[in-house]
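Visitor: Take this sequence and fold it.
(3 chains)
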Amino acid sequence: KTVCVDAYVWLHRGAYACARELCEGVPTRKHVEYFMNRARMLARGKIRAVYVFDGGRLPSKSGEEESRRRGRSEALARAKQHAMQGNASAAYEQYTRAVDVTPEMARQVIDALAKEGFESLTAPYEADAQMAYLAKHGFVDGVITEDSDLIAHGCASVFTKMGADGHGIEIRYGDLARNRDLSFVGFTPEMFLEMCVLSGCDYLPSLNGVGIKKAHGLIRRFKTYTKVLRHMKFEGISVPRDYEARFEDALLTFKFQWVYCPKRQHNVNLNDPTVVLDESTIADLPRLIGAYHAPTVAHALANSAVHPMTLETFGKAVA
DNA sequence: GGCTAGTCGTCAT
DNA sequence: CGACTAGCC
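Guide: Have a look, this model is predicted:
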C-alpha cells in the first residue's frame, strides 16, 4: 500500500512548536523534528508514504495572500511588544499568528526525509491537485490530508482527521449518496464541484448569504451553475457583474491545474483540456493556473532542487 | 430553528 | 486549513 500525505498540516503544526524562534530568526530544528516524528510513526504501519509539498502560488490566490501577509506582520509587531514587556505567553500567542511556512522550511524537512529514506514530491503549484492526480492515475492507493477540496478535485477516497495514533476517517465519493445531512442522490462529479464553488472556495468567495446548504439546494434543483445564475437574475437577487466569468475561471482552475506526472517526468494538466476546451480557452489558462514549465524545470521543481516560486537553485545554507 | 460568517487553535509541557 | 460559536434571518 502506498499513500500520499499532504505535508502542509504537519509543516504548520511543527511551526507552532517553535513559532518564536522562526519569527525572530533564531536557528531551530523543532519543526523538522515534529515532522520526522510523525513520518517515523506512519512508517511503522508498513505503509509507503510519499510526502507532497505545495509549490508555487496560483495567480488566482494572490489577493488572499496579500491580506494574510498584512495580518502576520501586524501580529509580529504585537508579539515583539509583549516580549519587550516580559509577557512571554502573550508574545507566543501572537508569534503563532505571525509565523509563516516558507519553501526554505519545506526544503529542510524534505532533506531530513531523504536522509532517512522517505520519499517526497513538490507540486508545481497546489499539493491537493497533485495528490488528486497521483490517486486518479494509480500512483498511490490513498490520500491523507485535512483538505476537503480533494473530493472536489476528483479524488475517489480521502483519509482525513488522522491523529498521532494513526486513526482517522475515510471519506469516499461513492458514499456521498448515503450522506445524512445533505442528499447527493443524482449528483454528478460536475454538480458536486459546482456546489463547492458556489458555496465559496479558494478561487472565488461565495455570494452574500450563500453557504453550503444554499449551494447544495440550488445545484440539486437547477443542476448547473448557469441555470442557478439565471434563476437568481429572474428572482432579482443581486449578483456582481463579473461573478459568472469568475465562476467559470474557478471551475477551470479546479479542473486544469498543473500537476507533475512522475512517469512522464513533466507537468501536465490535472484533466486533459484538449477534448473539452477550445483553443483560445486553453491558451488563456496560464492566467489562472500559472506558467508552463519546461520538462527540466518541472523535474527540478518536483524533486525540490529549485525554489518553487523563483525557480532558482536553493542556496546551500538550508542543507 | 437553521444557516452564515466571523474568531480561534494548530506545539507540548 | 477546520472547529467552534455568536448572531443573523
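Visitor: C-alpha from now on. contacts and neighbour counts both.
Guide: Noted.
Visitor: which ones are touching the spatially most central residue of chain A?
Guide: When CA atoms, centre = their mean is applied to chain A, the residue found nearest the centroid is A:Asp128 (4.5 Å). Residues near A:Asp128 by CA atoms under 8 Å, 6 or more residues apart in numbering: A:6, A:147, A:149-150, A:153.
Visitor: out of the residues you listed, which are inside helices?
Guide: When DSSP state H is applied, the contacts of A:Asp128 are split such that A:149-150 fall in helices.
Visitor: Which ones, among the contacts of A:Asp128, also lie beside DNA strand C?
Guide: The residues of the contacts of A:Asp128 that also fall near DNA strand C, by CA under 7 Å from any atom of the strand, are A:147, A:149.
Visitor: hmm, which of the contacts of A:Asp128 are the buried ones?
Guide: Buried members of the contacts of A:Asp128, scored by 16 or more other CA atoms under 10 Å, are A:6, A:149-150, A:153.
Visitor: Name the nearest of these relative to DNA strand C.
Guide: Nearest to DNA strand C out of the buried ones among the contacts of A:Asp128 is A:Asp149 (CA to the nearest atom of the strand; 6.4 Å).
Visitor: host element of the closest residue to that closest one other than its chain neighbours?
Guide: Leaving aside its sequence neighbours, A:Asp149 sits nearest to A:Asp128 (CA to CA, 6 or more residues apart in numbering; 7.4 Å). Mapping A:Asp128 onto the secondary structure by DSSP states H and E places it in helix A:127-136.
Visitor: Now tabulate the contacts of A:Asp128 in a markdown table and tack on distance to DNA strand B.
Guide: Formatted as a markdown table, the contacts of A:Asp128 follow (distance: CA to the nearest atom of the strand, whole Å):
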| residue | distance to DNA strand B |
| --- | --- |
| A:Asp6 | 13 |
| A:Asp147 | 11 |
| A:Asp149 | 16 |
| A:Leu150 | 18 |
| A:His153 | 21 |
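Visitor: Of the contacts of A:Asp128, which one scores lowest on pLDDT?
Guide: Note: of the contacts of A:Asp128, the lowest pLDDT belongs to A:Asp147, at 83.
Visitor: what sits against it?
Guide: Listed by CA under 8 Å, 6+ apart, the contact partners of A:Asp147 are A:128, A:160.
Visitor: Can you give me the separation between it and A:Ala129?
Guide: As judged by CA to CA, to the nearest Å, A:Asp147 and A:Ala129 stand 11 Å apart.
Visitor: I'd like to know how many residues surround A:Val259.
Guide: A:Val259 has 27 neighbours, counted by other CA atoms under 10 Å.
Visitor: Name the residues linked to it by a beta bridge.
Guide: With DSSP bridges applied, A:Val259 shows beta-bridge pairing to A:Val268.
Visitor: Could you tell me which residues of chain A lie near DNA strand C?
Guide: Checking chain A against DNA strand C by CA under 7 Å from any atom of the strand, the hits are A:146-149, A:202.
Visitor: before we move on, the earlier item: per-residue confidence at the residue nearest to A:Asp149?
Guide: Model confidence at A:Asp128, expressed as pLDDT, equals 93.
Visitor: Quick check: what element follows the longest helix along chain A along the chain?
Guide: With DSSP H applied, the helix covering the greatest number of residues in chain A is identified as helix A:62-84. Next along the chain after helix A:62-84, taking DSSP H and E as the criterion, comes helix A:88-98.
Visitor: ok but A:Met105 is inside a helix, no?
Guide: Yes. The assignment for A:Met105 is a helix, going by DSSP: H, G, I helix; E, B strand; the rest coil.
Visitor: Roughly how far does whichever residue of the stretch 201-319 of chain A sits closest to DNA strand C sit from A:Pro103?
Guide: Among residues of the stretch 201-319 of chain A, the one nearest DNA strand C by CA to the nearest atom of the strand turns out to be A:Asp202. It sits 6.3 Å away. When CA to CA is applied, the distance between A:Asp202 and A:Pro103 equals 20 Å.
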